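Peer 1: Task: produce atomic coordinates for the following.
(chains A and B)
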Amino acid sequence: MPFKDDVLERVVDVAGKIGRTALAPWGGAEACLDAYETALRAVVDLQLDAARAVDIEPLRSALASSAHLTRDLGAAQLSSVRWILDL
Amino acid sequence: MSPASGIVAGLDGHTRLYWEAKGRGDPVLLVHGLGLSGGAWWRTVDALAPAMRVITFDHRGIGRSTSWTYAYTTEAMADDAVSILDDLGIERAHLYGFSLGGMVAQQVALRHPPRVRSLVLGATHSGSRRAAAPDSEVVAFIRRRGGMPSQEAAWASVPYNYGPRCRTEHVDRIADDIERRLKNPFNERAYRAQLLAASLHNCFGRLERIAVPTLIVHGARDRMIPVANARMTAERVPGARLTILEDAGHLYPTEEPGVDEAIGEFFHEHG
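Peer 2: Reported below is the predicted structural model:
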């Protein structure tokens, strides 16, 4: 589907330009994404530390699973945004 | 000597990762590719184990490893790899990732830099919009492969995995690979989860942050992951060395087994 691919590419290009411009006042897109990633990892680590400290099942499993879900959803989100912003 | 083995139990109570270790010396962790178990590294293990402690493992959901969820990312798989090092009490290791394993290895180098001594990225890509995609025939095969019976899939993948020279001159090696691969039951859900992880992978923009000695190895006839990806990655990783194997396809460790010695030398150089 060359037409669809071409249109999609242009839409992504425009979205990327808008995103980079919008994030410029906050230190640039890369710095913003890095800060978001650092915050995500802090939240994940906090949940994992709590899971290690709690010796009661199923609370321990629930905390660890929640940490993993946060990590994976965040990673998927960051990957997609980096793809759009071409970073 | 038979390898030592063990299982790392995840905090979530469901993820269990099977590992094996063979040999003595500086530790090297081998991270394998899509749908394969750690056993797929058999040639490389035999080549490196005389001088190194070689560790392989099965990714979650594959071989003897289990997983609760069947949606994951290369970030999750990188954390799994580090949990193997933790379990073995290894502070820093050489890291060799192949194909999907190469994507996981990039994530380990970016997420856990102090744990990596040196890095070898084999037949892999770093994601982003700039990644060179395989041709449409390969993409169609990858999509339908998940639903095929294991033996049929293994033989059907030969034209995509191996270069023309290996297919004519070393059919015995291909048969050996497939025989070993079929010893582990194929998990279609895990395969699809790994495909999702590979498609979400995106490290390209951060490759310049990799601060360890890096060697990139790729077959010039690779149809699964075109060789242009290796060149792009090598340009971005500071000081990276690039080795292109002119006659090899995707599974170059089978096609050019001598490359394992060169990789061993690279590890010793940076030991």
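Peer 1: same for the helix ranked longest in chain A, what does it pack against?
Peer 2: Using DSSP state H, we find that the single longest helix of chain A is helix A:59-85. Other elements packing on helix A:59-85 under the criterion 3 or more C-beta pairs under 8 Å, 6 or more residues apart in numbering or on different chains; DSSP states H and E are helix A:2-23, helix A:29-53, helix B:74-87, helix B:188-200. Where you see a C-beta, it was placed from the backbone N, CA and C, and this is true even at glycine.
Peer 1: Check the offset of the second one from the chain's centre.
Peer 2: Yep, that's helix A:29-53 we're talking about. Centre-to-centre, helix A:29-53 and its host chain are 10 Å apart (C-alpha atoms, centre = their mean, to the nearest Å).
Peer 1: got the angle between that helix and helix B:74-87?
Peer 2: Angle, helix A:29-53 to helix B:74-87, by axes from the mean of the first three to the mean of the last three C-alpha atoms, to 10 degrees: 50 degrees.
Peer 1: In helix A:29-53, which of the residues would be classed as buried?
Peer 2: A:29, A:32-34, A:37, A:40, A:44, A:47-48, A:51 (16 or more other C-beta atoms under 10 Å in any protein chain shown).
Peer 1: is chain A contacted by stretch B:176-196?
Peer 2: No. Judged by C-beta under 8 Å from any C-beta of the partner chain, stretch B:176-196 and chain A are separated, with a smallest distance of 8.8 Å.
Peer 1: per-residue confidence averaged over that stretch?
Peer 2: Per-residue pLDDT over stretch B:176-196 has a mean of 87.
Peer 1: start to end distance for that stretch?
Peer 2: 29 Å (C-alpha to C-alpha, to the nearest Å).
Peer 1: quick one: buried residues of that stretch?
Peer 2: B:177-178, B:180-181, B:184, B:186-187, B:190-195.
Peer 1: which SSE is B:S5 in?
Peer 2: strand B:4-9 (DSSP states H and E).
Peer 1: quick one: contacts of the very next helix or strand once past that strand?
Peer 2: Heading C-terminal from strand B:4-9, the first helix or strand you meet, by DSSP H and E, is strand B:16-22. Outside of strand B:16-22, the residues within contact range by C-beta atoms under 8 Å, 6 or more residues apart in numbering or on different chains are B:1, B:3-10, B:38, B:45, B:49, B:53-60, B:63-66, B:80, B:83-84, B:87-88.
Peer 1: now do 7 Å
Peer 2: With C-beta atoms under 7 Å, 6 or more residues apart in numbering or on different chains as the contact definition, strand B:16-22 has outside contacts at B:1, B:3-10, B:38, B:45, B:49, B:53-58, B:60, B:63-66, B:80, B:83-84, B:88.
Peer 1: What mean pLDDT does the next helix or strand after it get?
Peer 2: Going down the chain from strand B:16-22, the next helix or strand is strand B:26-31, by DSSP H and E. Confidence for strand B:26-31, expressed as mean pLDDT, is 98.
Peer 1: Name the surrounding residues that touch strand B:26-31.
Peer 2: Residues contacting strand B:26-31 (C-beta under 7 Å, 6+ apart): B:41, B:44, B:48, B:52-56, B:81, B:84-85, B:90, B:93-97, B:101, B:104-105, B:267, B:271.
Peer 1: what's the angle between that strand and strand B:16-22?
Peer 2: Using the same axes, to 10 degrees: strand B:26-31 against strand B:16-22 is 140 degrees.
Peer 1: Using PDB, write out every CA atom in the next helix or strand after strand B:26-31.
Peer 2: Following strand B:26-31 in sequence order, the next helix or strand is helix B:42-48 (DSSP H and E). This file holds the C-alpha atoms of helix B:42-48, laid out as PDB (Å, rounded to 0.1, in the frame of the first residue of the first chain):
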ATOM      1  CA  TRP B  42      26.000 -24.600  21.300                       C
ATOM      2  CA  ARG B  43      28.600 -23.900  18.700                       C
ATOM      3  CA  THR B  44      29.600 -20.600  20.400                       C
ATOM      4  CA  VAL B  45      29.600 -22.100  23.900                       C
ATOM      5  CA  ASP B  46      32.000 -24.800  22.700                       C
ATOM      6  CA  ALA B  47      34.300 -22.200  21.100                       C
ATOM      7  CA  LEU B  48      34.400 -19.800  24.100                       C
END
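Peer 1: Run through the buried residues of helix A:29-53 and flag the ones next to chain B.
Peer 2: Contacts with chain B within the buried residues of helix A:29-53, counted by C-beta under 7 Å from any C-beta of the partner chain: A:48, A:51.
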